[in-house]
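Novice: Provide a 3D model corresponding to the input given below.
(chains A and B)
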Amino acid sequence: MSRVEDLIRRHLDEIATPEERAELERLIVGNPEAAALFARLSRRDAAFRRHFGEERAAGDVARRIRSAVRPRRRWPWFAAAAALLFAFLIPLFRALSVEPLARLERPAPGTEVWRGREAIAPAHGLPLRSGDRVRSSAGPATMAFAGEPTTIRLLAHAEAVIGRPERGKRIELRRGMIEARVAPQTPGRPLVVATPHGEAEVVGTAFRLDVSGASTKLEVTEGRVLLRRASDGAAVEVASLQTAVATAGREAMAAVPSATAFRERFLILWNDLHSPSKGYFSPDGIPYHSVEKLIVDAPDYGHLSTSETFSYWLWLEAAYGAATGDWKPFGTAWERTEAVMIPSRSDQPTGSAYNPARPAVAVPERPTPSEYPVSPDPSAAVGEDRLARELGGNYLYGMHWLVDVDNWYGFGRRGDRSARLGLLNTFQRGPEESVWETIPHPSWEDFQAGGPNGFLDLFIRETSYARQWRYTCAPDADARAIQAIYWAATWGGPNVPTNRAARLGDSLRYALRDKHFRHEPHFLIGWSYAWGGSIDERNPWAWRAGSDQAHIGYQNPVTAWALSTHPTLRTATGKAEWAASLDRQLEFYAWLQSEEGALGGGARVGGGDFHGMAWDPHPVFLDPPSNEWFGWQAWSMDRLAQYLLLTGDPRARPVCEKWVAWIKKVVKLDPNGTYAIPAKLEWTGRPGSLRVRVTEETQDVGVTGALARALVYHAAATKDEGARTLARELLDRICTLFWDERGVSNPEPRHDYRRFHEKVYIPEGWPGPHPSGSTFLDLRPKYRQDADWPRVEAALARGEAPVFRYHRFWAQVEVALALAEYARLFR
Amino acid sequence: MDAHAEFLKLFLRHQGDLKAFLTSVVRDRSAVDDLFQEASLVLWKDFKDYDPARSFGAWARGVAANKVLQDRDRARRIPLAFSPAALRAVLEAYDRSEPEPGDEKERMRDCISRLPEKSRRLLALRYEETLKLGEIARRAGSTLDAVHKALSRIRDAVQACMERRPA
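Specialist: Here you go, the predicted structure:
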């Protein structure tokens, strides 16, 4: 007998160990023949069950027929005497043992009540007596105690026996979960719930008790409960919103924050995020990058917004729908995402003029902003865009990355200078151009703002300039939006726009291609894709471009998996490409993993040893170096761990395990209740011998939330209790240390704010509104009127870094989602 | 034939295979029963969407698999034996090898009736009394492994008999 056959037989006989089941699972997933054998043997097993089930059913019928036709015996004198005797005995008997202790309330279909070996019809109001056994099925059943408002609700597939009431009420919970609300009990006569692993002693409270094979888990929602372990009598008092576990072993028992506590914190945070007084949303109902206006991140003003923010918004509302059943906020989030961030047909009026045979004229990239504008190079080779031919249609369906929610810059939208929600662009001048050196400009370049050529002549040198529209997609955000939509559909949200997500996924395939279509797709999620065209419809032209660079922080195996396998997300032409992308991404993770476990950098198209791509320690930008930030690690590994949870793919597991082992070494939980996670990383070596060192630490709430969520998924996927404990500690410490009147925030010294006064490179003689020598602040003079500006000036005058507590939308959502997912996966 | 009769005809033919699939991937019998009932209701409710050009069995199993995954994701109360990826692999294997209607039932009855009494009793403890192997071993004064091996041999013997013997 082969190993796989042996494992299948052991599984069907219910004697396979978890390790054997895991081994069998790998064989089934990786080998269609093993799966076929599994189908054959499990069908055979079912045939035996059917055969004997039918035999038994036939036997039952025969017994019933025999009992129905058995003649009655005639013992009239005995019957009369017995009736007399029972008339006296019944009240006494009732008083002794059969007085109902409780009644059954609203039993869901399938509920069973057993009195000894007799099944009792589970009607509403059925009196329950000592020794009665109640088994719930798919739905709940409630036991309401007589004379007091005490209820014990058996959730699905639970079994409980009512015990003898000599010293108070006693319930024996054999399996499954109960939710109890216990009225104050008589002193010295507590309600006791006994399980195979211990007992919970209750004097008046609300709690939940869950019996699984190896342990009993108590979660208290109100009051206090004493949990005592059966094996050695060890006990722990569990307070409101805490949980504790009793096992058969003798490890230390402790009460820790419960999943319900995390769920409640999630709901509080959700309410904060939606409360108008907290300031997360504009009057139009659009989430800002942050509550605070004065903030310089990748967006250079807090009341701009990004596709990243919208993608987090979608996910927040999906989690809210899953937690509460209210899916209206998710619907609103999607409607506004589509209306604001995805350029409509009118925003790309000349898309139909796009010529896939000649996607764009190549524009060379220079290292520093001072080397711009650059001239296009019409002689540079440009390949054919076969994707456009495949997708058809005249315009792309993807999010542009940056929007001016309140029209702070005054560029307006699509030519209307007073309109809010105008699409903006920045970063056009090579890898050294940081946010401090960038020049914001409208995506709809109709030359109303800037100089006579708008802002175009800052970036491209041409003899004449045409009015044009230009959009840039940040693919990690679109991938995150698709991921959120996948979850919304999986969690049962109604009317989830999976068809739109499939369209986003089709356009996102431009990110899997090199910039000028010279090569076959690289299949990694690139840094961007971009598209544009002329505004003048009488002289129409359009262009499209992919991305030569891929960063580990942008990869999203969950989205690639969903777009290649989910019945309503996959498309006829896209699914194979996303399947290839999934494989390539998984290979990329393994290739970039350092000896310690962290993931190093990315790759760029051209002459390397990773499918024609060369390793790049810091893809795309160098000020600061792009893989210095620890947040990329948390974001990217959050997705890989989630993918592992969803699929159990053995390719993902070793990468996750090695990374989590590194995290356990570098994250510090101080005994005084604080914590530290990495902030900056320093890299040496190259793939195969990459090494990493933590050079700075932080308590950043957003990155800590993302890290906790990655650990939550990993713990759920691998049953790594250490990862789960670390996630719980980080979340609890964020909530203890950094919960404030608006959400969560930690103090951030902003050393980089000295750069408000740094000069932005603008060529001499540029005919636009900013003269050469203008500073970051000169380009954004409204910052001088911001209420926070005096704090910046005062700190800089003292030679210090101003310290802020920011409420970035994405960071709030990272913490909120980590809380919600912990509650969902470990309740 | 009206839709109800058509549904019943198809459902009765495929219900055993549907239950076999669920039992093979869900570890708790009562959860299997509940899922089977819920999936049956969904099948009837959605029968109007069923494409008669497709296999009813494959459609039914697909619906049941989605139900398993949905319930698992919503509440994590479904004791699924495997990951969703493995569940899909099993689903595909079931779809690839859907059995033709035949006389297996009669052949199995015949072959089981030819077993020695002791073997029939062992099968009955497992499949009629639905005892776990540990309990069977305890009753028989044997070991878990010995019971597993004995059952395997008996099932193989029945299988061999069924393959040899037309009913």
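Novice: all contacts plus neighbour counts: C-alpha atoms, from now on.
Specialist: OK.
Novice: which residues does whichever residue of the stretch 151-300 of chain A sits closest to chain B contact?
Specialist: Per C-alpha to the nearest C-alpha, residue A:157 is where the stretch 151-300 of chain A lies closest to chain B, at 7.3 Å. Residues in contact with residue A:157 (C-alpha atoms under 8 Å, 6 or more residues apart in numbering or on different chains) are A:135, A:136, A:137, A:138, A:139, A:175, A:176, A:177, B:30, B:31.
Novice: filter these down to the buried ones.
Specialist: Buried residues within these, defined by neighbour count using 16 or more other C-alpha atoms under 10 Å in any protein chain shown: A:135, A:136, A:137, A:138, A:139, A:175, A:176, A:177, B:31.
Novice: the residue of the stretch 151-300 of chain A closest to chain B belongs to a helix?
Specialist: No. According to DSSP: H, G, I helix; E, B strand; the rest coil, residue A:157 belongs to no helix; its state is coil.
Novice: of all the residues in the longest helix anywhere in chain B, which ones are buried?
Specialist: Criterion DSSP state H: the longest helix present in chain B is helix B:3-25. Using 16+ other C-alpha under 10 Å as the test for burial, helix B:3-25 gives B:7, B:11, B:14-25.
Novice: how much space separates residue A:517 from residue A:825?
Specialist: Taking C-alpha to C-alpha, to the nearest Å as the measure, residue A:517 falls 43 Å from residue A:825.
Novice: for residue A:340, same thing?
Specialist: Counting by C-alpha to C-alpha, the gap from residue A:340 to residue A:825 is 33 Å.
Novice: tell me which of the two has more neighbours.
Specialist: residue A:340 (20 against 17; other C-alpha atoms under 10 Å in any protein chain shown).
Novice: burial count for the closest residue to that one other than its chain neighbours?
Specialist: In this structure, residue A:340 finds its nearest non-sequential neighbour in residue A:421, 6.9 Å apart by C-alpha to C-alpha, 6 or more residues apart in numbering or on different chains. For residue A:421, the count of nearby residues is 23 (other C-alpha under 10 Å).
Novice: what sits against residue A:421?
Specialist: Under the criterion of C-alpha under 8 Å, 6+ apart, the neighbours of residue A:421 are A:340, A:403, A:404, A:405, A:406, A:407, A:412, A:413.
Novice: if you set the cut-off to 6 Å instead, what comes out?
Specialist: By C-alpha atoms under 6 Å, 6 or more residues apart in numbering or on different chains, the residues touching residue A:421 are A:403, A:404, A:405.
Novice: these two touch, right, the last one and residue A:304?
Specialist: I take that to be residue A:405. Yes. Shown here, residue A:405 and residue A:304 form a contact pair, counting by C-alpha atoms under 6 Å, at 5.4 Å.
Novice: number of nearby residues for residue B:149?
Specialist: Burial of residue B:149 is recorded as 14 neighbouring residues (other C-alpha under 10 Å).
Novice: so who does whatever residue of the stretch 501-650 of chain A ends up closest to chain B touch?
Specialist: Ranking the residues of the stretch 501-650 of chain A by distance to chain B (C-alpha to the nearest C-alpha) places residue A:647 first, at 4.8 Å. Residues in contact with residue A:647 (C-alpha under 6 Å, 6+ apart) are B:83, B:84, B:85.
Novice: ok, it to residue B:93 distance?
Specialist: Residue A:647 is 17 Å from residue B:93, where distance means C-alpha to C-alpha.
Novice: one more: residue B:149?
Specialist: To residue B:93, residue B:149 is 26 Å away according to C-alpha to C-alpha.
Novice: who in chain B is up against chain A?
Specialist: Within reach of chain A by C-alpha under 6 Å from any C-alpha of the partner chain, chain B has these residues: B:20, B:24, B:34, B:74, B:83-86, B:89-90, B:93-94, B:127-128.
Novice: give me the lowest-pLDDT entry from these.
Specialist: By predicted confidence, the residues of chain B next to chain A are weakest at residue B:74, whose pLDDT stands at 61.
Novice: name the residues of the stretch 401-550 of chain A found near chain B, please.
Specialist: Contact residues, the stretch 401-550 of chain A versus chain B (C-alpha under 6 Å from any C-alpha): residue A:491.
Novice: residue B:111 - that's part of a strand, no?
Specialist: No. Using three-state DSSP, the assignment for residue B:111 is helix, not a strand.
Novice: just the pLDDT for it.
Specialist: Reading off the confidence values, residue B:111 has pLDDT 91.
Novice: report how many residues lie close to it.
Specialist: Residue B:111 is surrounded by 18 other residues when neighbours are defined as other C-alpha under 10 Å.
Novice: ok, it - contacts?
Specialist: For residue B:111, the contacting residues are residue B:158, by C-alpha under 6 Å, 6+ apart.
Novice: try 8 Å
Specialist: Counting by C-alpha under 8 Å, 6+ apart, residue B:111 touches B:158, B:161, B:162.
Novice: equivalent analysis for residue A:177, please.
Specialist: Applying C-alpha under 8 Å, 6+ apart, we find residue A:177 in contact with A:154, A:155, A:156, A:157, A:158, A:208, A:209, A:210, A:211.
Novice: so the first one is in contact with residue A:138, correct?
Specialist: No. With contacts defined as C-alpha atoms under 8 Å, residue A:154 does not count as touching residue A:138, sitting 10.4 Å away.
Novice: hey, C-alpha coordinates of stretch A:463-476 in CSV?
Specialist: Listed next in CSV are the C-alpha coordinates belonging to stretch A:463-476 (Å, rounded to 0.1, in the frame of the first residue of the first chain):
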residue,chain,number,x,y,z
THR,A,463,9.1,71.8,-29.3
SER,A,464,5.4,72.2,-28.7
TYR,A,465,3.1,70.9,-26.0
ALA,A,466,-0.4,69.5,-26.3
ARG,A,467,-3.1,69.6,-23.7
GLN,A,468,-3.4,66.2,-22.2
TRP,A,469,-4.7,63.9,-19.4
ARG,A,470,-2.3,61.6,-17.6
TYR,A,471,-3.0,59.1,-14.8
THR,A,472,-0.8,56.8,-12.7
CYS,A,473,-2.0,53.7,-10.9
ALA,A,474,-0.3,52.6,-7.7
PRO,A,475,-0.9,48.8,-8.2
ASP,A,476,-0.6,47.8,-4.5
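Novice: tell me which residues of that stretch come out buried.
Specialist: Buried residues in stretch A:463-476, defined by neighbour count with 16+ other C-alpha under 10 Å: A:466, A:467, A:468, A:469, A:470, A:471, A:472, A:473, A:474, A:475, A:476.
Novice: so which of the residues you listed belong to helices?
Specialist: Helix and strand membership here follows DSSP H; of those, those in helices are A:475, A:476.
Novice: tell me the one of the buried residues of stretch A:463-476 nearest chain B?
Specialist: Looking at those and their distance to chain B, the nearest is residue A:476, at 24.3 Å (C-alpha to the nearest C-alpha).
Novice: could you find the closest non-adjacent residue to that closest one?
Specialist: The nearest residue in space to residue A:476 (C-alpha to C-alpha, 6+ apart) is residue A:554, at 5.0 Å.
Novice: in what helix or strand does the residue lying closest to residue A:661 once chain neighbours are set aside lie?
Specialist: Counting by C-alpha to C-alpha, 6+ apart, the nearest residue to residue A:661 once its immediate chain neighbours are dropped is residue A:597, at 7.4 Å. With secondary structure defined by DSSP states H and E, residue A:597 is part of neither a helix nor a strand.
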